[in-house]
Structure formats: structure tokens, C-alpha cells
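# Next input, structure requested:
(2 chains)
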There are 2 protein chains.
Amino acid sequence: MSRAHFDYDEAHGREVLRRALADYLGRVRGVLADPTQIVITSGFEQGRNLVCRALAARGAKRIGVENPSYTDWDPIRRTGLEIVPIPVDGDGMRVDLLDKRQVSAVMLTPAHQFPTGVVMSGERRVQLQDWLRRRETIALEDDYDSEFRYDRAPVRALQGLEPERVVYAGTASKTLAPALRLGWLIVPRHLLAEIHREQLLSDMGCPRIEQHTLAEFIVTGEFDRHLRRMRSQYRARRDALLDALATELPEASVEGIAAGLHATIRLPDRYDEKALRPELSRVGISLWYMSDHFVGAPSGPPTLLIGYARISESQIRAGIRALAAAIRATCS
Amino acid sequence: MSRAHFDYDEAHGREVLRRALADYLGRVRGVLADPTQIVITSGFEQGRNLVCRALAARGAKRIGVENPSYTDWDPIRRTGLEIVPIPVDGDGMRVDLLDKRQVSAVMLTPAHQFPTGVVMSGERRVQLQDWLRRRETIALEDDYDSEFRYDRAPVRALQGLEPERVVYAGTASKTLAPALRLGWLIVPRHLLAEIHREQLLSDMGCPRIEQHTLAEFIVTGEFDRHLRRMRSQYRARRDALLDALATELPEASVEGIAAGLHATIRLPDRYDEKALRPELSRVGISLWYMSDHFVGAPSGPPTLLIGYARISESQIRAGIRALAAAIRATCS
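Now for the predicted structure:
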């Protein structure tokens, strides 16, 4: 970094990183972006908040969100938008309901829906594209988990299909570390000035040193190498998890695609999640429940969300054995 | 850093840095703070925005700001507060006007007022303390430039006098580099939950690696050593500036205390700032004008704000010679 790099300049992201990301995301995710359209944020959450504020300032009232989804609604409500849950099925968000629910914009995780684990189907993507054009509005694409697909190349980003109607959001939190607080948006040109303004109203941009470091990491190819290494590790962990489940808990079914950092495990309807929860707490098993991720009343069979990114294969096998024992103790 | 340190934990600041700052600021600025009351922000601007949002959420409507001041009002207005200019005289903000102007909270730079360069007098500080108690409200103390006082020890922070009614704000932007985007608040206990909530509504906290690095820099004494070195360098630059002015532009007077990273240079009333501005641009002299820093119509004689933090003593001398020549060419 030169002396000038330690100053306030380039609040919306250092050019060296914006260039590196434009190249990388074009190559790996099929996005169409000029470096000027990239905005570096302090993680996905800030990026999402900036986009929601800009949409609200343009008059958007109701934002459609996947249901179930992650449940971080307060910051979105704070921007003035009303949260409108849109059901997710095996093809992704039910785009056919967007008109009926009168939403003015939408946010979604097409590469790997959280928490169901489904990928948005090609037909559904075309439907969404039609809707965006017809309504002349914006989708915020949270390109969640796209880096970690294990069975084939991931589907390309929606942004590449419809760059003037999709804001693409990515993060280093899953690929490197949440502690970095580094994310990025690719913003349609017509929305760029508003996003820049919103960022200046929030802070003076995010720390610059990491931006130079991440740029270096990408352009030297180390980021690609890191992702290849991690994909192979995570895939082995996922395989260990699925093997252990097949042996220990054959009545469970694994939902969604072979991707990401968690598995979505559906239990038979007859199992009682209410009884299971305190037992899992008691034996020290920490996982998430699908039923906590609905806007409004949960629906569907008892479903567990099991993260495998930070535990070893032997811990995974031991964990699934303990999980199966706890389920036998409470649900049989 | 341990593995756990790379996660999302401690969104409001890493404990190791909050402890280091509580010790450091207690020792150097006389603040009274427990590490739990410290919130790490991505710079002063984010901290100020969080405080303004929390005050607005508590029902504050009008915030008193120093006039002249720095002119970054849009982010404050965006929080819902109305900006109410309060004049500054040789003793600092005119606290006696706060009631008449019906302000519900106040923000100020008591250690070194920007841009006038005055320090808030002891009497005025007591007056402010009385007002805060009587109105049961909050002052945001921007402890601007307190690290760089050249003639004596700086006055202690207001926060040490009235820790339940003052939010203290500091930054690494002046002492280390703006590119770090690191600042801190010391928050009265009764306001802490609201500030924490506002930070989570804005982002998930600022990057963690710098926080560990800055903590290390402080606890090893390197930060103190750095400040001693920089104080001596900046003082020599300020002295060079004042010497050059006395020689080249004896009709100019230097306002305010021997502190900070800029000098406030008052020119005789008869000089025409409007004529001077294009001439200084033309000869490549970059400085700020007091008249740009008023809320509403500017008042007072033509006054230049000359930064000396990033230029050498010989550049300073050459610059003042060029400035004097430009002034002779347009104002005599």
C-alpha cells in the first residue's frame, strides 16, 4: 500500500479489490460487472441494509423474503420496508405469488436456499426475470454458499441474467472468516449513486487494509486454491455426516443439494421436536431447527439444520451417534 | 488470535481492545469507564450516527452543534434529528443559548474546537455539566485532536466529569490512519443497550483483526511512543508554519491553542476571500476556509484552515511564501 492508501479515499471500496472481484466473480459466478459497479461493504448485513434503504427511498414498501429463511428482520424493518414472506418449495421461492402478495422488491438465496438447501430451478429463474422486468423492480441476490457446491459446478448467479434488475451480494464470511467483516455488492448502474450515498450516511466505508490484502489473495490465485482445499474438506465432512446418518438414523432424509456448510435433515412427521429440543441441549448437541426460521407459524415435518464446517469427520460421526441416541430416547 | 476470534463474536468490540482503551483513556484522558461501556465502531462517523439514532429513538428532536463546525450534517439529519447551530466564542460553545434554542442534546469538540481551534473553558464546562443534569440529557463529546496538544497537557475529557451524561467518541483516524476505520465510544450504562442495538441494526460490528492489533499496539506502549514521536513532528511543523507566517504574512493572526493538525489563520477584515480563492486554486495551494464551515450564513473575518500534518517543514515554508505572494497579488 502506498501512503495515499492510508487516507479516506475510495469509501465505496478500493479499486484494486473492485477490479479483482469483478474479474473473479465474472469468471466463477457469471456475473456481468464493471469494477465501478462494485461496492465493498462490511459484510452481507451492511450491504443488505444499504440496498433496503435505497429501495425504501425509491418508494418500495413491501419486500418479499423467502419463507423459511434466516430471521434477521429487524434491520430490514428499520429501513422502512415491510417483510412479506413468500413460500419456498423444491424449486425455490414461489415467484408466482409475488404479484398477489403485492411486493415491490424481493430478496433471495438462489444458489443454495437457506435453510431448505434447494437450488432455484431454471424455470423459476426465468419466471423471476419476467417479474422483475414487468414490475421494473429489483431483486437482492444473496449468493449464499455458491462457493461450496460439491457435486457439480454451481448454477450461475442471477445477476448475469439480468444485471440491471439484480443487486448481487457476496461475502468473505463463509469463505474466509466472519471476523474480516468484508462483503461486496454488484449494483445496477441506475442504483449506484443511491447505494454510494447510503454508505456515506452509514459510515465512511470499511477498513482499507483488508481490502488490499483480499485483492492480493484473489489476484495471486490463493483464493481459488483456498476454496478448492476447503471444498474438498467440507465435502468430506458432508459425506461423513451423510454416511453416519444412513447408518445411525436411516429414517432421516437429507434435503436439498450437495452444497454449503450445513445439512438439512428431515425427520419423520411422528417425531416430536418439542421433546427433542431439551434432550439435545442436555447432551450438549448444538444445532438449529427449521421451525425457528419461518416468518409466522412454522410448517412441515421436524427438520434439523446441522452445521459441519467447523467439526472434524470423527466429531461428526460421534455427534450423529449421540443425536440418534437422543432421538431414540425421546421420539420412539 | 485464537480460532474462536475469527467468528462473529463480540460485535460491539473485542474485549482485549475494550480493556486496553479503558486503561489508556482513563490514564491519558481522565475518562471513567469500564470496558463493558466501550463500543468499537468503524470510525467516528459511525459512532456519531449510532448515538444520534439512539437519541432520536429516545425522543430527542433537536441536536445542538457548534457553529462553525465540520459540515457533515446529512447523516445526522438522516437519523431524524434537526441540526441546531450554537455559536462558538473564545471559550467554546455558547452553552447559555442551549435552552433558548430548545435543543434536546448536544455534540461538541471541547478539547480543540474544529475549526476555530479554541479549547472549552473550565467555566463553560461547568455550565454544560449543569445544563446536562438539569435537562437530564446527553452530550456527545468528540474528543477531537486531544492527542496533539503541544504547549501543555490537554484538558481532561468532559466524560470524566459527567460519565452518566456524556458519550465520549474517539478515533484512530488522526493518530494512526483514516484507512483503519476504527473508532470507539464510551457510553453511559443507561444508553448502552440502545447503542448495541443500533450497531446490530447497522452491521455486525467492525473487523476484528485490527481490533486485536490495536490492542497489542496500546498495551505494549507502542501507541504512546508513536504519539510522542508524532507530537514532536507535528509541533515542529506547526512551529515552522507559525515562523513562516510571522515572516511572510505578519498581518495574519493565528487563532486558538497550540494543538491539532491544522492552524486557524485569521486575515485582516479588508482582505477579500472571494478574490483569494481562485488565485490559491490557480497556484496549487490547497486549504480550507472557515466560511465553508458555518451552518447558515458565515460570519467573521476571512480565515484560512491550513493543515500541516502531511507536509514537511520545508514544504510548509515554501507554501506560506506562495500563500503570501497570492494574498499580495489579490488582496493588497
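# quick one, strands of the stretch 151-300 of chain A?
Per DSSP state E, counting those that start in this stretch, the stretch 151-300 of chain A carries strands over the ranges A:166-171, A:183-186, A:253-255, A:262-266, A:288-289.
# Please identify which of the ones you listed is closest to residue B:194.
strand A:183-186 (25.5 Å; Cβ to Cβ). In short, each C-beta sits where N, CA and C put it, glycine included.
# Mind listing residues that contact the closest one?
Contact partners of strand A:183-186, identified using Cβ atoms under 8 Å, 6 or more residues apart in numbering or on different chains, comprise A:13, A:21, A:25, A:31, A:33, A:37-47, A:50-51, A:159, A:163, A:167-173, A:195.
# on that earlier part again, of the strands of the stretch 151-300 of chain A, which is nearest residue B:265?
Closest approach to residue B:265 among the strands of the stretch 151-300 of chain A (Cβ to Cβ): strand A:183-186, 42.7 Å.
# Could I get the average pLDDT for the closest one?
For strand A:183-186, mean pLDDT rounds to 98.
# Convert the C-alpha atoms of it to PDB, please.
The C-alpha trace of strand A:183-186 is given here as PDB (Å, rounded to 0.1, in the frame of the first residue of the first chain):
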ATOM      1  CA  GLY A 183     -18.700  -8.200   1.700                       C
ATOM      2  CA  TRP A 184     -19.500  -6.800  -1.700                       C
ATOM      3  CA  LEU A 185     -22.400  -5.700  -3.800                       C
ATOM      4  CA  ILE A 186     -22.700  -5.500  -7.500                       C
END
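# got the buried residues for that strand?
Buried residues in strand A:183-186, defined by neighbour count with 16 or more other Cβ atoms under 10 Å in any protein chain shown: A:183-186.
# ok, the nearest residue to residue A:180 once chain neighbours are set aside to residue A:47 distance?
Once flanking residues are discounted, residue A:180 sits nearest to residue A:172: 5.0 Å by Cβ to Cβ, 6 or more residues apart in numbering or on different chains. Taking Cβ to Cβ, to the nearest Å as the measure, residue A:172 falls 12 Å from residue A:47.
# Who has more neighbours out of these two?
residue A:47 (27 against 20; other Cβ atoms under 10 Å in any protein chain shown).
# Now that one. Nearest residue, chain neighbours left out?
residue A:41 (3.9 Å).
# Next: residue A:182.
Among residues not flanking residue A:182 along the chain, residue A:172 sits closest, at 4.3 Å (Cβ to Cβ, 6+ apart).
# Please look at that neighbour and residue A:214 and confirm they touch.
Yes. At 6.6 Å, residue A:172 and residue A:214 qualify as touching, with contact defined as Cβ atoms under 8 Å.
# shared neighbours, those two?
Counting by Cβ under 8 Å, 6+ apart, the residues touching both residue A:172 and residue A:214 are A:180, A:182.
# Which residues outside stretch A:100-111 are in contact with it?
Stretch A:100-111 has contacts (Cβ under 8 Å, 6+ apart) with A:48, A:55, A:59-66, A:69, A:81, A:84, A:86, A:92-93, A:98, A:119-120, A:125, A:128, A:135, A:137-146, A:149, A:154-155, A:157-158, A:259.
# Now a PyMOL select for only the buried ones of these.
Only the buried entries of the contacts of stretch A:100-111 go into this PyMOL selection, using 16+ other Cβ under 10 Å:
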select buried, chain A and resi 48+55+60+63+64+65+66+69+81+84+86+92+93+98+119+120+125+128+137+138+139+140+141+142+143+144+145+146+149+154+155+157+158+259
